[in-house]
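Q: Give the three-dimensional model of this entry:
(chains A and B)
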Amino acid sequence: MQSESETSVRVRFAPSPTGYPHLGNIRTALFNWLFARHHGGTFILRIEDTDIARKVEDAVEVILGSLRWLGLDWDEGPYLQSQRLLTYREFAHKLLDEGHAYSCYCSPERLETMRQEQVQRKQPPKYDRHCRDLTQHERTKVEASGITPVVRFKTPLEGETTFYDLIYGQVTFKHDTLDDFVLLKSDGYPTYHLANVVDDHLMAISHVLRAEEWLSSTPRHVLLYRALDWQPPHFAHLPMILGPDRAKLSKRHGATSIQEYQTQGYLPEAMVNFLALLGWSLDDRTELISREELTKHFSLERVGKTAAIFNKDKLEWMNGVYLRKLSAAEFVRHAMPFMDRALPKLTACPLDQNYVSQALSLIQERARTLAEVPELASFFFSDELQYDRGLLLKGRMDVKSAATAVTIAAQKLRDIATWDATTLEGMLRPLAAELDLKTGNFFGLLRVAVTGRTAAPPLFETMAVLGKGRCLRRLDLALELLSTCFN
RNA sequence: GCCCCCAUCGUCUAGAGGCCUAGGACAUCAGCCUUUCAAGCUGAAGAUCAGGGGUCCGAAUCCCCUUGGGGGCACCA
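A: Numbering: from 1, shown residues only, chains lettered A, B, ... in the order given. Prediction:
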């Protein structure tokens, strides 16, 4: 920690806009952010948009939006690599001039058939270095035919590269398992390897925290740093987050993009808490931890090495915890957009704010995500309750006594002056005894009548919120439904 | 096929030689609370620490092998 703070910590999150950020991407962003904040360093956002073919139009927007949603604010950027093409070309040419790179004129077709043959022969697919040792004469000859070459790195043929990863420790790769990778594509854009190394150096990145899938390309990067006579940054590869099938997260894993979690009604704080625990832990017991505590305690030493399958059940549980921690007003503020989206007809007319907040406060404790709220609360907002009349007889009551019970209850309720939970309970509980009904059965019957469902918030509070008029109307409706049960 | 990484309950994890007859959390099951649901509380079940060899007085922890899983091997990132 001391050595880390000696030189200023500068980290970056460098997504490519070829898709929407998923849990793994965002976890990487989070760890970078936490690392920067913990050390009082700088968190930089860099968009690696060097693949024009795969670029997704609104991906950058979504990336920025997701980071903002989670409160992962950046100090510099977003830098766009597509606007720095000259810089990469400059260094590609420098490598060319200094003999660390060469122009390759091989056609994609040739490369493809070569690869196929190699795979068929069960050989590692590697570029065969066809153009590596072309004579000047050969070179000018091909160039005359108008082929635009790519620039390839001249990987040393022998020896090995070793680097120290802050999480995985010392890692060594033999050079003969590497090939001459492309630095500059024929369209003039750099590859990831070139752009990434150039930018990390130019932007004075001190620590590269990225997913473990990059571990095996790190030797290439180290080689590049050396060829350019630059000091490489510290590397820390983060364990992968896998889908339920243990494979790398991708589109086919359902909820892939982080923004889907937003629309499903997860709270950013819950998301941050959950993601932080995917690969990092404070101790042997802490599960709920605030952003402040996280930045205070975050350290690379407590990042694990094993890939994790993310556990949606646990996320849901945690989100429920965060939902319940909200004040009633905050809960309403968070839930309203979901209400509007799911129940546009019902919320179209201006609703009494007091009614809404009373209703939602009964829902708050029962929701695990905000997207569940409209469904859980819908009976508060619909005039015409729709339910199967059979529900009224759930308490294995016969139709007649059910009808009697509802009739008497409605009668008595009509005369109530103060409509609140306490009064309602004071009236209805003794009534159950008078009717010689178990409270469970009687209250269950009223619950269905009043909410249209067997599972709902506590009856008296619910009735108190619904109000006298609504309750009485619904009891009448129940009576009607019961009457249709006779024969 | 080659290279790299990893390996503790179903899942997330604690564990850096004796504190481990392996701890916590989610999920599961049971009980309590209770008008239902949810929440809460209590408890149960669940890991021969992948397997096999070493090292050591002593290993989940160190070493080796095997197996399994993942990742990489593009003019994609």
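Q: ok, now which ones touch residue A:394?
A: Taking CB atoms under 8 Å, 6 or more residues apart in numbering as the criterion, residue A:394 is in contact with A:444-445, A:448, A:454. To be clear about C-beta, it is placed using only N, CA and C from the backbone, and glycine gets the same treatment.
Q: ok, which pair from the residues you listed is furthest apart?
A: Comparing all pairs in the contacts of residue A:394 by CB to CB, the longest separation belongs to A:445 and A:454, at 10.2 Å.
Q: who has more neighbours, the two?
A: Counting neighbours by other CB atoms under 10 Å for residue A:445 and for residue A:454 shows that residue A:445 has the greater number, 26 against 13.
Q: In this structure that one contacts residue A:392, no?
A: Yes: in this structure, residue A:445 sits in contact with residue A:392. The criterion is CB atoms under 8 Å, and the distance is 6.1 Å.
Q: Overlap in contacts, these two.
A: Shared contacts of residue A:445 and residue A:392 (CB under 8 Å, 6+ apart): residue A:402.
Q: where do the strands sit along the stretch 201-350 of chain A?
A: A:207-211, A:234-238, A:241-242, A:308-309 (DSSP state E, counting those that start in this stretch).
Q: One more: the stretch 1-150 of chain A?
A: Assigned by DSSP E, counting those that start in this stretch, the strands in the stretch 1-150 of chain A fall at A:10-13, A:42-47, A:76-80, A:101-104, A:150-153.
Q: Apart from its neighbours in sequence, what residue is nearest residue A:309?
A: Using CB to CB, 6 or more residues apart in numbering and skipping the chain neighbours, the partner closest in space to residue A:309 is residue A:242 (4.9 Å).
Q: which residues pair with the one you found across the strands?
A: The partner list for residue A:242 in beta bridges (DSSP bridges) reads residue A:248, residue A:309.
Q: before we move on, what about residue A:42?
A: Under DSSP bridges, the residues paired with residue A:42 across the bridge are residue A:10.
Q: can you tell me which residues contact it?
A: Applying CB under 8 Å, 6+ apart, one finds that residue A:42 lies in contact with A:8-11, A:36, A:75-76.
Q: one more time with 7 Å, if that's ok
A: Taking CB atoms under 7 Å, 6 or more residues apart in numbering, we find residue A:42 in contact with A:10, A:36, A:75-76.
Q: Let's see if you can find the most crowded of these.
A: Each of the contacts of residue A:42 was scored for neighbours by other CB under 10 Å, and residue A:36 scores highest at 26 neighbours.
Q: Quick check: it vs RNA strand B, distance?
A: With the distance defined as CB to the nearest atom of the strand, to the nearest Å, residue A:36 ends up 20 Å from RNA strand B.
Q: Next: residue A:21.
A: Taking CB to the nearest atom of the strand, one finds residue A:21 at 11 Å from RNA strand B.
Q: Test my guess that that residue contacts residue A:257.
A: Yes: if you go by CB atoms under 7 Å, residue A:21 and residue A:257 touch, sitting 6.4 Å apart.
Q: what about the helices in the stretch 251-400 of chain A?
A: The residue ranges that make up the helices of the stretch 251-400 of chain A, judged by DSSP state H, counting those that start in this stretch, are A:258-263, A:268-276, A:291-297, A:312-325, A:328-342, A:344-348, A:353-364, A:373-381, A:399-414.
Q: which outside residues touch the third one?
A: The reference is to helix A:291-297. Residues outside helix A:291-297 that contact it (CB under 7 Å, 6+ apart): A:34, A:37-38, A:269, A:272, A:276, A:282.
Q: Make TSV from the contacts of residue A:42 and add pLDDT to it.
A: Formatted as TSV, the entries for these read as follows, by pLDDT from 0 to 100:
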residue	pLDDT
A:10	98
A:36	98
A:75	98
A:76	98
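Q: Out of these, which is nearest to RNA strand B?
A: Relative to RNA strand B, the closest of the contacts of residue A:42 is residue A:76; by CB to the nearest atom of the strand it sits at 18.0 Å.
Q: Report the contact partners of the residue lying closest to the closest one once chain neighbours are set aside.
A: Nearest residue to residue A:76 in three dimensions, chain neighbours excluded: residue A:44, at 4.4 Å (CB to CB, 6+ apart). Residue A:44 makes contacts with A:10-12, A:74-77, A:203, as judged by CB under 7 Å, 6+ apart.
Q: same question, residue A:402
A: A:392-393, A:445, A:482.
Q: Tell me which stretches of the stretch 101-250 of chain A form helices.
A: In the stretch 101-250 of chain A, the helices defined using DSSP H, counting those that start in this stretch lie at A:108-120, A:136-144, A:192-202, A:218-227.
Q: What's the mean pLDDT across the longest one?
A: This means helix A:108-120. Helix A:108-120 shows an average pLDDT of 94 in the prediction.
Q: Just checking it against RNA strand B, any contact.
A: Yes: shown here: helix A:108-120 in contact with RNA strand B (CB under 7 Å from any atom of the strand) through A:108, A:111, A:115.
Q: State the distance from residue A:479 to residue A:404.
A: 10 Å (CB to CB, to the nearest Å).
Q: scratch that, residue A:265
A: Residue A:265 sits at a distance of 43 Å from residue A:404 (criterion: CB to CB).
Q: picking that back up, of all the strands of the stretch 201-350 of chain A, which one is nearest RNA strand B?
A: Taking CB to the nearest atom of the strand as the measure, the strands of the stretch 201-350 of chain A were each checked against RNA strand B, and strand A:308-309 came out nearest at 3.4 Å.
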